[in-house]
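Peer 1: Give me a model of this one.
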Amino acid sequence: MYFPYLYGRGSEILALRSILKDHRPLANFVPVIEPVVADSARLVKCIEEYGKKNQAAIVLLNPDKHDFKGPTAIKAWGKDVLAAIKATTSVLPGWRCTPGVTKADVDGFIAHFAGRQVALAYQSPSFSDPEIAALAAVADLRFHLVVEGKLSAAKQAALPQNKRVDMQDRFNKLARNADYNGQEFFSDRHSTFKKDKWAGFGDFLCLGSEFTPGGGPPAAIALHACFKKTATEMWVEHFVSDDTDIAVGTTASKYLQAAKKLVKAAKARPSEFGSNYALDEFAANNAAHHFPGLPKSKELQLGHHLCVTLDVVNGVL
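Peer 2: Residues are numbered from 1 along each chain as shown. The predicted structure is shown next:
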């Protein structure tokens, strides 16, 4: 099973909603959302749509990044999100187990959702071995997400193999778009997670695990597209605009320069990039010399990543 980890910003939510309209089977798809935006409307809409499709997803309910650095924002946001989650059974409530979270906190979370499945995301918790063993025995704990290996090997081994998920950041994030270049290895986890006795694997797409808010106009545009390099390896190719100076060209012209390269590569190598709605939209924009905006560009990059990874997991690509 594939567990992509996203931060619930506009482009990410739209990518998650778009894949519901796609033809791909989603039985092996469980997106994990750690919200960073206090405006709950888009997330609530996404939860409702996943509920109508009876599609699995996980929403982490104790966020602490960006808009959620204080308890006030969480309270206002949480009311609507909780109502949406409680109205469906396919979207699982999740809880981040960070150093400040106690076993009692987790017990309270599980008790609040008594009788329904929940998930935990382990991010360097301070739980003891007996506490991990107790959590491993909770029947309603459907998934144990081990994020970036931030749980000891002994504690990982104590978790039920049919419930534990290996979440790894495989994206080599750089400070400047202009610094990206060519192809590089992304991951082989799709081909190893089963033999390593995990229920599933996850990545942070082309976002990276370190959350960074958006900035101003870019000096360069970089489009990141994952592709199947070999039967066991996923790679990512970076398509960078020719213009990389803030004083040269426009954001629109730079996008079109990068998109032209992506479209050309995807068309020439369909056995690697596959075929999906995101690539189709990149091609349509390129043909029309249309710049859809940076948020839409990000949405399409994420959409392609979700599609191509699912195609590989499902044995289609």
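
Peer 1: Report how many residues lie close to the nearest residue to A222 once chain neighbours are set aside.
Peer 2: Of all residues beyond its chain neighbours, the one nearest A222 is N177 (3.9 Å), with distances taken as Cβ to Cβ, 6 or more residues apart in numbering. C-beta coordinates here come from the backbone N, C-alpha and C atoms, glycine included. Summarising burial for N177: neighbours were counted as other Cβ atoms under 10 Å, giving 19.

Peer 1: quick one: N177 and S241, what's the gap?
Peer 2: With the distance defined as Cβ to Cβ, to the nearest Å, N177 ends up 8 Å from S241.

Peer 1: And for H290?
Peer 2: Counting by Cβ to Cβ - H290 and S241 are separated by 16 Å.

Peer 1: quick one: which of the two has more around it?
Peer 2: Under the criterion of other Cβ under 10 Å, the comparison of H290 against S241 puts S241 first, with 25 against 14.

Peer 1: Make sure the more buried one is actually in contact with A259.
Peer 2: No: taking contacts as Cβ atoms under 8 Å, S241 lies outside contact range of A259: 9.1 Å.

Peer 1: follow-up on the earlier one: now do the shared contacts for N177 and S241.
Peer 2: With contacts taken as Cβ atoms under 8 Å, 6 or more residues apart in numbering, the residues that reach both N177 and S241 are 220-222.

Peer 1: Including secondary structure, pLDDT and distance to N276, could those residues go into CSV?
Peer 2: Output for the shared contacts of N177 and S241, formatted as CSV (DSSP: H, G, I helix; E, B strand; the rest coil; pLDDT from 0 to 100; distance: Cβ to Cβ, whole Å):
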residue, secondary structure, pLDDT, distance to N276
A220, coil, 94, 25
I221, coil, 95, 21
A222, strand, 96, 20
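
Peer 1: Next, the buried residues of stretch 160-170.
Peer 2: In terms of neighbour count (16 or more other Cβ atoms under 10 Å), stretch 160-170 has its buried residues at 163-170.

Peer 1: Among those residues, which one sits closest to I33?
Peer 2: Using Cβ to Cβ, M167 is the member of the buried residues of stretch 160-170 that sits closest to I33, with 12.9 Å.

Peer 1: ok, the residue nearest to the closest one when sequence neighbours are not counted - contacts?
Peer 2: With sequence-adjacent residues excluded and distances taken as Cβ to Cβ, 6+ apart, M167 is closest to G202, at 4.0 Å. In this structure, G202 makes contact with 2-5, 32, 145, 165-168, judged by Cβ under 8 Å, 6+ apart.

Peer 1: Which members of the residues you listed are positioned in strands?
Peer 2: Judged by DSSP state E, strands contain the following of these: 5, 32, 145, 165-167.

Peer 1: Show me which pair in the residues you listed is furthest apart.
Peer 2: V32 and D166 (12.5 Å).

Peer 1: Poorly predicted segments of this structure, please.
Peer 2: Regions of the chain meeting the criterion pLDDT under 70 cover residues 71-72, 211, 214-216.

Peer 1: Would you mind writing the CA trace of the top helix by length along it as CSV?
Peer 2: What stands out as the longest helix in the chain, according to DSSP state H, is helix 294-313. This file holds the C-alpha atoms of helix 294-313, laid out as CSV (Å, rounded to 0.1, in the frame of the first residue of the first chain):
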residue,chain,number,x,y,z
LEU,A,294,2.4,28.2,-9.9
PRO,A,295,-0.2,26.6,-7.6
LYS,A,296,-1.7,24.7,-10.5
SER,A,297,1.8,23.7,-11.6
LYS,A,298,2.5,22.2,-8.2
GLU,A,299,-0.9,20.4,-8.2
LEU,A,300,-0.1,18.8,-11.5
GLN,A,301,3.4,17.7,-10.3
LEU,A,302,1.9,16.1,-7.2
GLY,A,303,-0.9,14.5,-9.3
HIS,A,304,1.7,13.0,-11.6
HIS,A,305,3.7,11.6,-8.7
LEU,A,306,0.6,10.0,-7.1
CYS,A,307,-0.5,8.5,-10.5
VAL,A,308,2.9,7.1,-11.5
THR,A,309,3.6,5.6,-8.0
LEU,A,310,0.2,4.0,-8.0
ASP,A,311,0.8,2.6,-11.5
VAL,A,312,4.0,1.0,-10.3
VAL,A,313,2.4,-0.3,-7.1
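
Peer 1: Could I get the buried residue list for it?
Peer 2: 294, 296-313.

Peer 1: again, but for stretch 36-50
Peer 2: Buried positions in stretch 36-50, judged by neighbour count with 16+ other Cβ under 10 Å: 36-37, 40, 42-44, 46-47, 49-50.
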